[in-house]
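**Q** Pasting the sequence and the predicted model now:
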Amino acid sequence: MKKHNSAFIILGILFFLNILAWIAVYDLSQPRFLEVTFFDVGQGDAIFIETPQSHQILIDGGPDSTILEKLGKEIPFFDRTIDLIILTHPDKDHLAGLLEVLKRYKVENILWTGIVKDTSEAREWQKLIQKEGAQIFIAKAGQRIGASRARLDILHPSENLEGKTVKNTNNTSIVARLVFGENSFLLTGDIYKSVEKTLVEKNIFIDSDILKVAHQGSRTSTAEEFLEAVTPEIAVIPVGRNNRYGHPHQETLETLKKHGIKVLRTDEDGDIKIISDGTNLKIK
């Protein structure tokens, strides 16, 4: 009886492995796309990127454990690794969810600013990333992640901030431009208009098809001269429903409307997935 049971178990395992092999073969036969998903995690940011090479990048994790449910829909159950986590800045609405991710996934690489913030979340972050054993990189303008056709260019901060204490953590946010072929996404963290204007004044190339609006659409961000330099077709605002801050601010919405930019909001549209084949964009 035991021999029969063992045989059934072995056959079951072989069948399962065969299915996985066929899934892999089928997947490899498909055209490769860049997928960028702006998760609806409430009042905060969480952006999941899957590159044409199947690399997985998570930028920020939102304010709580909601991110785990979201990742479960994008990452197969048998995949417990994430290639790269980027923490734009250590405020709770961007950081808290990443703490849960670090506890449940194996993270290969971590990119962040290294700034010091005296909060329970920031202290736990420091403890967890040391325990994780991932390769840790400090963000600075000029860094490039990936190949020439699919890459992530770091545009801000302009200096190494590791170990520094700053008054305004929002303005230390990592700003990155994601490029795949002819398509591009500008990801801005929570930077204020002052940093937006600096990027413009330094003639940094920020022209992009998709703009992730900074700071949940607060009036502190989205300067007119910044929009004129980015010239986005679509603006994505990750924001919580009925939040106490009144985000997105009406002034920001009017500025975007004035420039003829299509607005997508996670509080109204839920998760927003944008797929690129390197030439065309599709909103899903």
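**A** Yes, it's here.
**Q** Sketch out the low-pLDDT regions of the stretch 1-150 of the chain for me.
**A** Low-confidence segments of the stretch 1-150 of the chain (pLDDT under 70): 1-31.
**Q** hmm, try it at 50
**A** Low-confidence segments of the stretch 1-150 of the chain (pLDDT under 50): 1-4, 24-29.
**Q** can you pull out the strands in it?
**A** With DSSP state E, counting those that start in this stretch as the criterion, the stretch 1-150 of the chain has strands at 34-38, 47-50, 56-59, 81-86, 106-112, 135-138, 144-146, 150-156.
**Q** Specify the stretch among those that is closest to Lys258.
**A** strand 34-38 (22.7 Å; C-beta to C-beta). To be clear about C-beta, it is placed using only N, CA and C from the backbone, and glycine gets the same treatment.
**Q** could you say what helices and strands the closest one packs with?
**A** Counting contacts by 3 or more C-beta pairs under 8 Å, 6 or more residues apart in numbering; DSSP states H and E, strand 34-38 packs against strand 47-50, strand 175-180, strand 272-276.
**Q** what does the shortest one contact?
**A** Applying C-beta atoms under 8 Å, 6 or more residues apart in numbering, the external contacts of strand 47-50 come out as 34-39, 56-60, 70-71, 74, 178, 187, 212, 238.
**Q** Going by neighbour count, list what's buried in the host helix or strand of Glu268.
**A** Taking DSSP states H and E as the definition, Glu268 sits inside helix 266-269. Using 16 or more other C-beta atoms under 10 Å as the test for burial, helix 266-269 gives Thr266, Asp267.
**Q** what mean pLDDT does it have?
**A** Average pLDDT, helix 266-269: 97.
**Q** which residues are contacting that helix?
**A** Phe38, Phe39, Asp40, Val41, Val236, Ile237, Pro238, Val239, Gly240, Arg241, Asn243, Ile272.
**Q** any chance of those in TSV, with distance to Leu199 and neighbour count too?
**A** Written out in TSV, the entries for those read as follows (distance: C-beta to C-beta, whole Å; neighbours: other C-beta atoms under 10 Å):
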residue	distance to Leu199	neighbour count
Phe38	21	26
Phe39	25	28
Asp40	27	21
Val41	26	27
Val236	18	25
Ile237	19	27
Pro238	20	29
Val239	22	23
Gly240	27	19
Arg241	30	11
Asn243	27	14
Ile272	24	22
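**Q** hmm, back to that, what would the strands of the stretch 1-150 of the chain look like in a markdown table with distance to Ile261?
**A** Formatted as a markdown table, the strands of the stretch 1-150 of the chain follow (distance: least, C-beta to C-beta, whole Å):
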| stretch | distance to Ile261 |
| --- | --- |
| strand 34-38 | 15 |
| strand 47-50 | 19 |
| strand 56-59 | 21 |
| strand 81-86 | 25 |
| strand 106-112 | 28 |
| strand 135-138 | 32 |
| strand 144-146 | 27 |
| strand 150-156 | 20 |
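**Q** how about these, which one is nearest Pro232?
**A** For Pro232, the closest of the strands of the stretch 1-150 of the chain is strand 34-38, at 13.5 Å, according to C-beta to C-beta.
**Q** Output the closest one in CSV, but only the C-alpha positions, please.
**A** In CSV, the C-alpha atoms belonging to strand 34-38 read as follows (Å, rounded to 0.1, in the frame of the first residue of the first chain):
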residue,chain,number,x,y,z
LEU,A,34,7.1,46.0,-19.9
GLU,A,35,4.3,46.1,-17.3
VAL,A,36,4.0,48.9,-14.8
THR,A,37,1.3,48.5,-12.1
PHE,A,38,0.4,51.4,-9.8
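**Q** Run the chain-centre distance for it.
**A** Computed by C-alpha atoms, centre = their mean, to the nearest Å, the separation of strand 34-38 from the middle of its chain amounts to 8 Å.
**Q** Identify all contacting residues around that strand.
**A** Under the contact criterion C-beta under 8 Å, 6+ apart, strand 34-38 has outside partners 46-52, 70, 74, 150, 178, 180, 183, 185, 210, 212, 236, 238, 264, 266, 271-276, 278.
**Q** now with 7 Å?
**A** With contacts defined as C-beta atoms under 7 Å, 6 or more residues apart in numbering, strand 34-38 is touched by 47-52, 74, 150, 178, 180, 185, 236, 238, 266, 271-276.
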